[in-house]
Each structure stands twice: as structure tokens, then as C-alpha cells.
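> 3D model of this:
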Amino acid sequence: MSYSRADSLRPVTLDDVRGAQKMLSGVARVTAMEGSRHLSQLAGTPVHLKCENLQRTGSFKLRGAYVRIAGLLPEERAAGVVAASAGNHAQGVALASSLLGVHATVFMPKGAPLPKMSATREYGAEVRLHGQVVDETLAAAQEYARETGAVFIHPFDHPDIIAGQGTVGLEILEQCPEVGTILVGIGGGGLAAGIAVAVKALRPDVRIVGVQAEGSAAYPPSLAAGRPVVIENPATMADGIKVGCPGDVPFGIIRELVDEVRTVTEDQLSAALLLCLERAKLVVEPAGASPVAALLGAPGTFHGPVVAVLSGGNVDPVLLQRVLRHGMAAQGRYLAVRLRLTDRPGALATLLGALSVVDANVLDVSHVRTDPRLGLTEAEVELHLETKGPAHCAEVGQALREAGYTVID
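Sure, this is the predicted structure:
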């Protein structure tokens, strides 16, 4: 499974993926395939979740990293490896290197989440912090490779990486032989390309749909142009698929073998993460939830059975808290209300009483009396409420109007 630098654009074949599967035996877990009754009802066809969030290191990245490093020549291993990542690739390279007895240096941006930095160190890598964004970190890692001779382990743009990720596709066919559509998130494209190589070789009738975050979708313009296109300032909460330009190797495979690339919004990503947590009891990062977001966005448009690949579960607790709140708001389960009332004793208690009648849970109250916009006897109140969905939000608004309150936009 070793490739020289000159051979880095060699096509990836089914035999490569099968070889990677043998290499990964006893190293990477064969992750679970879980059915989802809720998503199946929503989509009108059976939906299964391929739980790569339960893989060692919390994502599929170990597969490709191990195959890539295991394929190095002895002198390359002796020189060590270097990678740049804000999270999942860093941990995959760290563990793979440790298992293979290779020294790994991983460059991470200074703002990388502390749990991911700690995990990378615990897996055995030397962590160096450089830059504020991944592009700066990537440049530092490549410079380190040039200066030291360490082998740079790209997160997606190498045949060995793609072959390793393609083992997810072989497992899907073994666990769900009747699969009709596979949904998989796309960043640089290594996972989608690997799955496409494996699945299309054995089941060309299976439809493969890539999913990108709307604010970081480099593949649609790239596919339209027929070449990788850089998008400026990619922005999304799904940092695992926040890539500004496709890799040359995965792009060629995806252009040929992936049937469609769809985009999802931040609201859909939030709702998908919340659904995975509440209904499937699975902790999934936003990038890993992107296939579920695609199902939520257009549930009746996929030929089943559908397999959604949950690519990772390494979500920072602080981000998880924000995303869950955002997801609940997107589902109409949070409501912010601002209104004015007469500034007299008992007025706030009366307002809260009106809300209790419609079973709205008050999370926060902001009570302002001194503002130039207010009349002499007025006070302004902003309430943050926990509700039960859009219908309940409408019920709360109606109850306030019937009680004589005017809601301020």
C-alpha cells in the first residue's frame, strides 16, 4: 500500500480498499449500524446510521491515517510524520503513529479546543500550536516537513488515505446489503471518495450523495468548473467539513462516481445534531450530523434503504452547548419575547402568571426600567422561554395578546 510522491495521483481501486481492510483488521473497529425509526418514518424508507462517531479516536480518520503511515518505507518511518489539524485528523495520526512506533508531530491552531489538544497528546503525538486558522497551521506543518524530512500526512489528498476511508463503504455493504442510497459528509472529500470507490465497484446501482455545509461548499462550484476551486472564507460550525478547496485526488473520484452533492444550512445541522442526541442517543459533531441534516432538509427525496454516515463525534462541550441551543431554537423550542408593561408592583408577576397558564417555561428575565425610549410609567421586559415547538410558540404569542400585552419586534 505504499505510494511514492510521483505516484500520489495513482487511481484508487477496489483492491486498494480491500488491502486497506486487511491492514486495519484489529486496529480500526467495525463500527455499528443502527436503525432509526424516527428518521425512517420521516423519510418514508428505512434509514440506518453508520456510527463512525464510535470509532477509535471518535472518527473515521484513524482508518486512512493508519494505512498511509503503515505504507511508508522504513527510512520514511524513521524520519517521523507531521500533520496539521484542528481535531479529528490530528487524533487519527497520533494514534496510528503510536501503534506503528512512528514519531508524530501535529501542528494545531492556537484556538483548537482543549479536549482535542489533550487527546492528541494522550495518543502519543507532539503537539505544536501555530497560527489562528488551519491554513496557517498547514503551512507551518509543510515547512516543518521540508526542514526535517518528516513525511507530511495529508488529511484527504492521498490514495492511501482514500483507500483507508473506503473501508467504511465495504462495511456498509456487509451490514446493509440492500442499501439504496449512502449519505456522507464532504470536506476535502477523502471519505466520500473512498466509499464511492468501494461501493460503486461492487454495487454501481447504489446512489451516493455527498453533503456539504452551505457556507463551506467548495464542491458544487468545483464540479461545475471541472476542477478544484477555492472558496474564500469558508464558514460553518461543522469544522470537520470546513475545507476551502477539494483535494485533487478525491475530486477526480467524486466527479466520476458520486451521484450528487447537496448543501445544508446551519439550522439543519443544529437540528440534526439535536435529533441524534435525543432520538438516537448518539453524540455526533456537526460535520458527522450533516447526512442527517440532508435527510431533514428533503426527507422524501432519497431512494431507500438509506445509510447516513455519522463520520465523527468529537464535539467540544462548549460548542455542543451552543449548537444544542441553536438547534432547539431552530425547532421552535426556544422563544425570545420583548414587551412593555406598566411599571407597578405585581405587573411582572401577572405576566409570568399568564405564561404559566400556557405552560411556557421561563429561562431568563431581563427587566428594564431606565431607558429613554420608555414612558414614565413603563417598563420593558425581555423573556427567554422554553417551548414545545412552533405551535406552542404561536399559542404563547396568542395568550400574551389576549392578556393585553403588545409584543415588540
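
> Confirm for me that residue 24 is in contact with residue 63.
Yes. Contact status for residue 24 versus residue 63: in contact at 5.9 Å, counting by CB atoms under 8 Å. Yep, even glycine has a C-beta here, placed from its N, CA and C like the rest.

> Of these two, which one has the most company?
A count of neighbours by other CB atoms under 10 Å puts residue 63 above the other of residue 24 and residue 63, at 31 against 19.

> Checking my notes, that one in a helix, right?
Yes. Applying DSSP: H, G, I helix; E, B strand; the rest coil, one finds residue 63 inside a helix.

> burial count for the residue nearest to it when sequence neighbours are not counted?
Leaving aside its sequence neighbours, residue 63 sits nearest to residue 164 (CB to CB, 6 or more residues apart in numbering; 4.0 Å). Taking other CB under 10 Å as the criterion, the count of residues near residue 164 is 36.

> One more: residue 239?
25.

> can you pull out the helices in the stretch 301-409 of the chain?
317-330, 347-357, 390-402 (DSSP state H, counting those that start in this stretch).

> quick one: which of the ones you listed has the weakest pLDDT on average?
Note on those: lowest mean pLDDT is at helix 317-330, with a mean of 76.

> For it, name the packing helices and strands.
Judged by 3 or more CB pairs under 8 Å, 6 or more residues apart in numbering; DSSP states H and E, the packing partners of helix 317-330 are helix 266-279.

> contacting residues for the residue nearest to residue 63?
20, 23, 24, 63, 64, 65, 66, 67, 68, 194 (CB atoms under 8 Å, 6 or more residues apart in numbering).

> quick one: which of these is nearest residue 46?
residue 194 (23.9 Å; CB to CB).

> element containing that closest one?
For residue 194, the host element (DSSP states H and E) is helix 190-202.

> and that helix, which residues are buried?
190, 191, 192, 193, 194, 195, 196, 197, 198, 199, 200, 201 (16 or more other CB atoms under 10 Å).

> now do stretch 168-180
Neighbour-count burial for stretch 168-180 [16+ other CB under 10 Å]: 168, 169, 170, 171, 172, 173, 176, 179, 180.

> need the contact list for the second one.
By that I understand residue 169. 17, 182, 194, 195, 196, 197, 198, 199.

> now it: how far from residue 192?
10 Å (CB to CB, to the nearest Å).

> Kindly report the same for the first one.
Plainly put, residue 168 is 10 Å away from residue 192 if you go by CB to CB.

> Next: residue 363.
In terms of CB to CB, residue 363 sits 40 Å off from residue 192.

> now residue 278
For residue 278, the distance to residue 192 - CB to CB - is 27 Å.

> Please apply the same query to residue 311.
Distance from residue 311 to residue 192, by CB to CB: 10 Å.

> what do the two both touch?
184, 185.

> quick one, strands of this structure?
33-35, 47-51, 81-84, 104-108, 126-129, 151-152, 181-185, 207-213, 260-264, 306-310, 334-342, 361-368, 378-386, 406-408 (DSSP state E).

> Which elements pack onto the fifth one?
If I follow you right, that is strand 126-129. Applying 3+ CB pairs under 8 Å, 6+ apart, one finds that strand 126-129 contacts strand 104-108, helix 114-122.

> how about that strand: buried residues?
In strand 126-129, counting by 16+ other CB under 10 Å, buried: residue 127.

> partners of it, with directions?
Its sheet considered, strand 126-129 pairs with strand 104-108 (parallel) by DSSP bridges.

> Quick one: low-confidence residue ranges for the stretch 201-350 of the chain.
Within the stretch 201-350 of the chain, the stretches with pLDDT under 70 are 327.

> Kindly recompute the last result at 90.
Filtered on pLDDT under 90, the stretch 201-350 of the chain yields the residue ranges 231-245, 267, 270-271, 274, 277-278, 300, 304, 315-350.

> Thanks a lot, see you next time.
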